[in-house]
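A.B. asks: What follows is a predicted structure for the sequence shown.
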Amino acid sequence: MLLGWTLPQTSTGRSSTVSPPPWHYSGEVIAVEFRADPDRVAALAPPGFEPEADGSCTFVFCDWCSAADSDPRTLADPARSQYREAFVIVTGEFRGVRASRIPFIWVDSELSLLRGHIQGFPKQIGQIHMTRPVSIGKGGVRLEPGASLGAHVSSLGRRLATARVELHEKVEIPPLALFAPPLHTRLFPSLSRPEPAVEEFSIGQVSNAAWTDVWRGAGDLSFGESEYSELDQLAPTEIIAGWRLNLAFSVDGAVEFPMISETALEQDHEAV
């Protein structure tokens, strides 16, 4: 019998790239809240998801440690458990409930890439760099008013997003976009027919959310151009705030359900 939650499968299962949930995440976040052209934001929304009318978005950089209950090796091996990612969050509503959507995301880890595709994140490989604060010496910035932190992501040799945050004050509440349930699309093509083998929505089941050292301040964000990415269509029209915090949570699984077609939605609206 071959074992493994994902490929590759072996007689022991220990070569499997991804272990089953629950998965636990702890890390450092640099984020910029902004507004983009509402029409361009709406163009990236799947059926049933309604972005906020003002085009509210948040660009997030994360430096993560992650672990899985079923694989204790992750806690001892930084090559397995530590990675960075960068992504944009679009906030809105899905079926009348506050939700979010992540149309673009980059990671620098094979494990995170595959785990994300299983969940429905549109993850791609990228190179992410973030300012790492220090507590002693003069080799870096301190978490204090006036400190400036930077972050950027590149993919295929193109700089895609560049952010800078100037810390103003320590606050209690982090940016709420981080906690809006994300609506994912699980999409797996078929090799034998035009229709996908899997095409469905997924909403992650998240628990144990916690945060510390939340700083709010001014932010700056710009997007570069690439023939391989359409992130620049969400170019900021207004910057709201910059953030830096420590964040932790667990993903226990997901609720998966069929997608709703545009035609079905129009019929529902006409019936109402």
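C.D. replies: Received, thanks.

A.B. asks: contacts, neighbours, all on C-alpha from now
C.D. replies: OK.

A.B. asks: low-scoring stretches of the stretch 151-272 of the chain, by residue?
C.D. replies: 261-272 (pLDDT under 70).

A.B. asks: ok, now the stretch 1-150 of the chain?
C.D. replies: By pLDDT under 70, the stretch 1-150 of the chain has no low-scoring segment.

A.B. asks: Do a quick rundown of the strands in it.
C.D. replies: Taking DSSP state E, counting those that start in this stretch as the criterion, the stretch 1-150 of the chain contains strands spanning 23-36, 49-51, 56-68, 82-94, 97-107, 123-125, 127-130, 148-155.

A.B. asks: who wins for proximity to residue 76 among these?
C.D. replies: Closest of those to residue 76 is strand 56-68, at 9.6 Å (criterion: Cα to Cα).

A.B. asks: one step back: just so I know, which of the strands of the stretch 1-150 of the chain lies nearest residue 172?
C.D. replies: With Cα to Cα, the closest approach to residue 172 among the strands of the stretch 1-150 of the chain belongs to strand 23-36: 15.0 Å.

A.B. asks: Serialize the strands of the stretch 1-150 of the chain to a markdown table and add fields for mean neighbour count and distance to residue 11.
C.D. replies: Below are these laid out as a markdown table (neighbours: other Cα atoms under 10 Å; distance: least, Cα to Cα, whole Å):
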| stretch | mean neighbour count | distance to residue 11 |
| --- | --- | --- |
| strand 23-36 | 22 | 24 |
| strand 49-51 | 23 | 43 |
| strand 56-68 | 23 | 21 |
| strand 82-94 | 23 | 27 |
| strand 97-107 | 22 | 30 |
| strand 123-125 | 20 | 29 |
| strand 127-130 | 19 | 35 |
| strand 148-155 | 21 | 36 |
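
A.B. asks: Just put those strands in CSV and tack on distance to residue 181.
C.D. replies: What follows is the strands of the stretch 1-150 of the chain, written out as CSV (distance: least, Cα to Cα, whole Å):
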stretch, distance to residue 181
strand 23-36, 16
strand 49-51, 12
strand 56-68, 14
strand 82-94, 9
strand 97-107, 5
strand 123-125, 17
strand 127-130, 24
strand 148-155, 24
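
A.B. asks: For residue 219, which of those is the nearest?
C.D. replies: Smallest distance to residue 219 across these (Cα to Cα): 5.8 Å, for strand 23-36.

A.B. asks: for the chain, what's the longest strand?
C.D. replies: Secondary structure of the chain per DSSP state E: the longest strand is strand 198-223.

A.B. asks: Okay, now the sheet partners of that strand, with direction.
C.D. replies: Strand pairing for strand 198-223, using DSSP bridges, gives strand 158-171 (antiparallel), strand 183-188 (antiparallel), strand 236-258 (antiparallel).

A.B. asks: Buried ones in the first one, by neighbour count?
C.D. replies: Applying a neighbour-count criterion of 16 or more other Cα atoms under 10 Å, one finds 158-168, 170 buried in strand 158-171.

A.B. asks: which residue is nearest the middle of this protein?
C.D. replies: residue 87 (4.8 Å; Cα atoms, centre = their mean).

A.B. asks: For that one, give its distance to residue 29.
C.D. replies: Computed as Cα to Cα, to the nearest Å, the residue 87 to residue 29 distance reads 11 Å.
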